[in-house]
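J.: kindly generate the corresponding structure for this input.
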Amino acid sequence: DEMDAFVTRKKFSSEAAQIVRRCASVQNVTPFNLYLTAFSLGYAHITGLQNFKLATPVSNRTNPAFAETIGMMANTMLLPIRLPAKQSLNEALSTNCSIWAEHLQFDEVAFEHFIEDLAQAGHADAGRFDAMFVLENTDYDQLQLAQCRTKFETPSHVDGKAPITAFVLETADGPELIVEAQSRFFTQEDVDRLCESFEKAIYGLADIDTPIEQFTLPLIDELSAQSTVVAPKTIAEMFQLQAALTPSTIAVVDGYHWLSYRALIQHSWKLIDELKVQLGDRKSDDVIGVYIQPSREHIVALIALAQM
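T.: I've put the predicted structure just below:
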């Protein structure tokens, strides 16, 4: 099932909640802005992206007067994320909050109407988003009945709403990060790295001038490892090497869908197996033609043939 996603939960201490509240007060933003920034840094860490879009329920979330409102906001918006290198956490927060403020002026526009208008204008791709983020602000303590105990539960596997969806649940013991990741895009190791980066960013709020490289640089370090590896001689070897170094980094974007380097290579291997069955014995100099519309599948086919 393409929608199948596994769930990972990571709890943080009450100290993390105190850091978030203190920073929100000083920066005159809500915890939503800070948690969203921390998740964005974690997502950048595992994908290598510096510019992307997140879908999130946002109505009135950035207005401090409504920060404690209980309940799931009905509307959803797409918020662009900009994380250029050589920025401090303070600069990244300030830059993105300013961008989000411009978009949030239109938070009453229904998301489905926004998508319809984009499609009619011929810009359907502009409605694509890379991940989802939700600040779950339901106060479960207020929902308790006499002699009953309530808690937020999630199954181990769900139908993923996006390639990766993050929920932050604030509790009396501290915040909890809940991540739904579609297994065709991400592994458990990827999600663990995202959670680690998220945690570093939350505690990094205590020193708002910390460079964001502290949270995204490990992926760049992996890229530099190429200098210690024998240089690839073919295009196929180049893609295989990149998949080994940065498996979660996005390799192909096709409208609303994308493939990581890992997924690209894995799909190419499956196609190779299918082609070997269909083609049977062949000579090394045989020509294999590819007739397919430009798409993810087209790239997969080319990479597969390059490896045969």
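J.: Met132 and Lys161 touch, don't they?
T.: Yes - counting by Cβ atoms under 8 Å, Met132 touches Lys161, with 5.6 Å between them. Just so you know, the C-beta spots here come from the backbone N, C-alpha and C atoms, and that holds for glycine as well.
J.: pick out whichever of those two has more residues nearby.
T.: Legend: neighbour count by other Cβ atoms under 10 Å for Met132 and Lys161, higher for Met132 (20 against 15).
J.: so who does the more buried one touch?
T.: Residues in contact with Met132 (Cβ atoms under 8 Å, 6 or more residues apart in numbering) are Leu54, Ala55, Thr56, Lys161, Ala162, Ile164, Thr165, Ala166.
J.: again with Ser268
T.: Counting by Cβ under 8 Å, 6+ apart, Ser268 touches Val300, Ile303, Ala304, Gln307.
J.: got the buried residues for the helix or strand where Ile19 lies?
T.: Using DSSP states H and E, Ile19 maps to helix 14-27. Using 16 or more other Cβ atoms under 10 Å as the burial criterion, the residues of helix 14-27 that qualify are Ala16, Ala17, Ile19, Val20, Cys23, Ala24, Gln27.
J.: who does that helix touch, helix- and strand-wise?
T.: With contacts taken as 3 or more Cβ pairs under 8 Å, 6 or more residues apart in numbering; DSSP states H and E, helix 14-27 sits against helix 31-47, strand 174-182, helix 188-204.
J.: by contact count, what packs against the last one?
T.: When contacts are defined as 3+ Cβ pairs under 8 Å, 6+ apart, helix 188-204 packs onto strand 4-11, helix 14-27, helix 31-47, strand 164-171, strand 174-182, helix 213-224.
J.: can you flag the buried ones in the contacts of Met132?
T.: Buried by 16+ other Cβ under 10 Å: Leu54, Ala55, Thr56, Ala162, Ile164, Thr165, Ala166, out of the contacts of Met132.
J.: pull the most distant pair out of those residues.
T.: Spanning the widest gap among these are Thr56 and Ile164, at 12.9 Å by Cβ to Cβ.
J.: what about Leu271, which SS state?
T.: On the three-state scheme (DSSP: H, G, I helix; E, B strand; the rest coil), Leu271 is labelled helix.
J.: burial of it, as a residue count?
T.: Per other Cβ under 10 Å, the neighbour tally for Leu271 reads 18.
J.: surely Arg9 meets Pro155?
T.: No - between Arg9 and Pro155 there is no contact under Cβ under 8 Å: 11.4 Å.
J.: between the two, which is the more surrounded one?
T.: Using other Cβ under 10 Å, the more surrounded residue of Arg9 and Pro155 is Arg9, with 15 against 7.
J.: nearest residue to that one other than its sequence neighbours?
T.: Excluding the flanking residues, the one nearest Arg9 by Cβ to Cβ, 6 or more residues apart in numbering is Ile178, at 5.1 Å.
J.: and if you look at Thr249?
T.: Nearest non-adjacent residue to Thr249, counting by Cβ to Cβ, 6+ apart: Gly48, 4.0 Å away.
J.: thought the one you found was touching Ile250?
T.: Yes - using Cβ under 8 Å, Gly48 is in contact with Ile250, at 7.3 Å.
J.: rewinding a little: quick one, which of the helices and strands packed on helix 14-27 is packed in tightest?
T.: Among these, ranked by average contacts under mean count of other Cβ atoms under 10 Å, first place goes to helix 31-47 (a mean of 26).
J.: counting by contacts, list what whatever helix or strand comes next after that helix packs against.
T.: Once the chain leaves helix 31-47, the next helix or strand it forms, by DSSP H and E, is strand 51-57. When contacts are defined as 3+ Cβ pairs under 8 Å, 6+ apart, strand 51-57 packs onto helix 31-47, strand 76-82, strand 131-136.
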